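# Sequence and predicted structure below; questions after.
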Amino acid sequence: MKRAALLHCCILVLMLATLFTTPAEPQVKTLSNGMTVFLNPIPEETRIAAALSYRAGADSQTPQTAGLFRMLEALMFNGLASQPGMPEPAATLDALEPMKIGGGTGIDRFSFSVMADSQRLQQMLDTLFFLFSEKRIRTLAEEPGSIESARDISTSIVLESLGNSRTILEAAFAKKLYSKAPFRIDVNGAYYNLEKADSKALTSLAAAWLVPANACMAISGAIDPEKVMGLLEQRFGSLSKGKDPWPASLTVFPKPGVTRPLFLVLGDAGISKGTIQIEMRYRGPDPKDTVMFTAARLLSELTNQPRSAFQTAVSKNMPKGVTIEDMQITLVPSRNASWISIKGLLQLADMKKAPDTVFAFKEAVRGTELYKIKANPGYFSAKEYQAARDALREAHMARLGDPFEAVQYASDLWSWGILSYVFSEPDAIARSGPKEISLMVDSYIQKNLEVVAVSLNDEELAAMQKSFTSYGFEPISAQNAFWWR
């Protein structure tokens with residue numbers, strides 16, 4: 001009887017252990033040639049995702065090379081990496097039966113990511129090795145018409161940006177806030193660089209930057225880490241390490257990014273009449289300052305709740321006849337050029353008051369409420385802090401629980417130089433509170449200077465141009481927004 005009871009208990013323990021298996025921890029390893037590897041096993045998952053990333057992209061550009069990574073992307077993928085062209089490499093990728101793909105040229109990386117069934121692991125690694133191999137890139141560059149096609153694709157993206165209000169505004173912000181080197185924010189680059197680029201320029205770019213010493217492979221999902229490391233060593237471990245392509249020193253983007261507050265105005269046919277969109281940008285904390293980076297993200301979570309004290313107070317401080325439809329504070333991180341964006345979409349009963357409304361919004365947000373957040377540790381309640389921390393921790397766990405999101409997350413952190421944050425983020429969130437937020441707001445907003453842009457319907461702007469000019473707003477268009485024009 002006792003033996004039967006003991007056996008029953010053992011079976012029960014085993015069943016409970018199966019039900020409550022502790023998730024496998026992520027791992028960071030290094031191949032023999034220096035390539036960083038991030039592995040994230042997810043028990044019970046049936047999918048795998050992989051992302052191959054290089055520290056490159058816009059941040060590595062000079063005025064003479066701006067746009068060449070986008071052109072290299074067009075050469076390698078016969079279009080954008082997120083939309084590979086036919087017949088190749090689309091056919092090669094279709095053989096994986098991918099569930100998701102992504103990547104391309106970014107501010108601080110050049111990458112490609114894909115998710116498929118776990119049975120495709122070896123095929124996926126073979127495909128990534130093939131796509132980024134030096135031999136393939138050289139072969140593509142030598143094919144008749146390939147350089148011209150890549151040039152046409154990348155040039156068309158630049159030309160399309162000249163007619164897009166969003167990209168015009170982004171270019172204007174970069175030109176003002178990062179005036180020392182705006183080309184290091186410009187992913188698309190200058191069309192005249194694309195016109196001059198040849199096969200030698202692109203193959204030299206790839207040979208210098210797409211090397212294991214400057215690379216990270218992130219793999220997540222239904223994986224056996226030991227097996228994956230063996231497969232990676234077989235394929236990628238044989239590649240020459242290569243030299244670190246980064247220069248010894250880069251131009252540092254200062255804080256403040258401007259010497260005085262700047263005000264811009266842009267006409268946008270996509271904005272409804274009677275509406276204005278206001279955005280204030282500040283040079284923000286880069287991720288390597290993990291304390292300020294975490295505090296900025298916590299601030300976003302606290303302030304962006306629709307019924308938060310911050311949202312309610314700013315709305316009450318708006319002039320009569322002004323309604324805030326949406327308002328967000330966001331940190332947009334990159335390795336060396338992060339910014340804080342404070343954006344509001346406002347409805348106005350009287351558009352003649354638009355210039356005054358911009359200044360009222362700025363004063364309510366920066367001069368009043370953010371100052372109160374800096375000065376008053378009790379601005380947000382302990383309950384609100386706990387809810388915000390819980391939301392950030394849940395987002396962290398959700399990213400690691402999804403194969404594709406996990407490799408994107410790892411690629412982000414590695415590109416920013418803080419891959420170890422994948423392990424320390426929950427503790428960093430727990431330690432962040434009123435003191436850290438006060439320091440972040442004081443340093444990056446109260447003691448900082450902003451670029452303020454207002455967008456409104458182009459017809460309404462035409463009728464109000466003189467009024468905005470009299471208030472000191474600089475008109476922005478495709479003619480003056482881009483650093484290379």
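Thanks, I have the structure now.
# which element is the residue nearest to residue 405 when sequence neighbours are not counted on?
Leaving aside its chain neighbours, residue 405 sits nearest to residue 399 (4.5 Å; criterion: C-beta to C-beta, 6 or more residues apart in numbering). (Glycine included, C-beta is placed from N, CA and C.) Counting by DSSP states H and E, the element that carries residue 399 is helix 382-401.
# Pull the helix or strand following that helix out as PDB, backbone CA atoms only.
Scanning forward in sequence from helix 382-401 by DSSP H and E, the next helix or strand is helix 403-415. Taking Å, rounded to 0.1, in the frame of the first residue of the first chain, the C-alpha atoms of helix 403-415 are listed here in PDB:
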ATOM      1  CA  PRO A 403      10.600  33.400 -32.200                       C
ATOM      2  CA  PHE A 404      10.400  36.300 -34.700                       C
ATOM      3  CA  GLU A 405      10.100  39.000 -32.000                       C
ATOM      4  CA  ALA A 406      12.900  37.500 -30.100                       C
ATOM      5  CA  VAL A 407      15.400  37.700 -32.900                       C
ATOM      6  CA  GLN A 408      14.400  41.200 -33.700                       C
ATOM      7  CA  TYR A 409      14.800  42.100 -30.000                       C
ATOM      8  CA  ALA A 410      18.300  40.500 -29.900                       C
ATOM      9  CA  SER A 411      19.300  42.300 -33.100                       C
ATOM     10  CA  ASP A 412      18.200  45.600 -31.700                       C
ATOM     11  CA  LEU A 413      20.100  45.100 -28.400                       C
ATOM     12  CA  TRP A 414      23.200  43.900 -30.200                       C
ATOM     13  CA  SER A 415      23.200  46.800 -32.700                       C
END
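# what does whatever helix or strand comes next after helix 403-415 rub up against?
Going down the chain from helix 403-415, the next helix or strand is helix 421-431, by DSSP H and E. Residues outside helix 421-431 that contact it (C-beta atoms under 8 Å, 6 or more residues apart in numbering): 26, 28, 38, 287, 290-291, 294, 298, 389, 392-393, 396, 400, 409-410, 413.
# try stretch 75-92
Around stretch 75-92, the neighbours that count as contacts under C-beta under 8 Å, 6+ apart are 73-74, 93, 101-105, 111-112, 127, 130-132, 136-137, 140-141, 146-147, 149-150, 153, 202.
# any idea how far residue 51 lies from residue 115?
Separation of residue 51 from residue 115 (C-beta to C-beta, to the nearest Å): 9 Å.
# Which of these two has more residues huddled nearby?
More crowded of residue 51 and residue 115, by other C-beta atoms under 10 Å: residue 51, with 28 against 24.
# The more buried one contacts residue 407, correct?
Yes. Counting by C-beta atoms under 8 Å, residue 51 does reach residue 407; the two are 3.9 Å apart.
# which residues do the two both contact?
Listed contacts common to residue 51 and residue 407 are 113, 218; contacts here mean C-beta under 8 Å, 6+ apart.
# pLDDT wise, what is the closest residue to residue 157 other than its chain neighbours at?
Excluding its sequence neighbours, the residue lying closest to residue 157 (C-beta to C-beta, 6+ apart) is residue 188, at 5.4 Å. Looking at residue 188, its pLDDT stands at 97.
# try residue 250
85.
# Relative to residue 127, how far out is it?
33 Å.
# ok, these two, which is more surrounded?
Neighbours per residue (other C-beta under 10 Å) separate residue 250 from residue 127, with residue 127 holding more: 21 against 13.
# Enumerate every residue touching that one.
92-93, 95-96, 114.
# Would you mind giving the secondary structure of it?
helix (DSSP: H, G, I helix; E, B strand; the rest coil).
# Need the pLDDT of it.
Looking at residue 127, its pLDDT reads 97.
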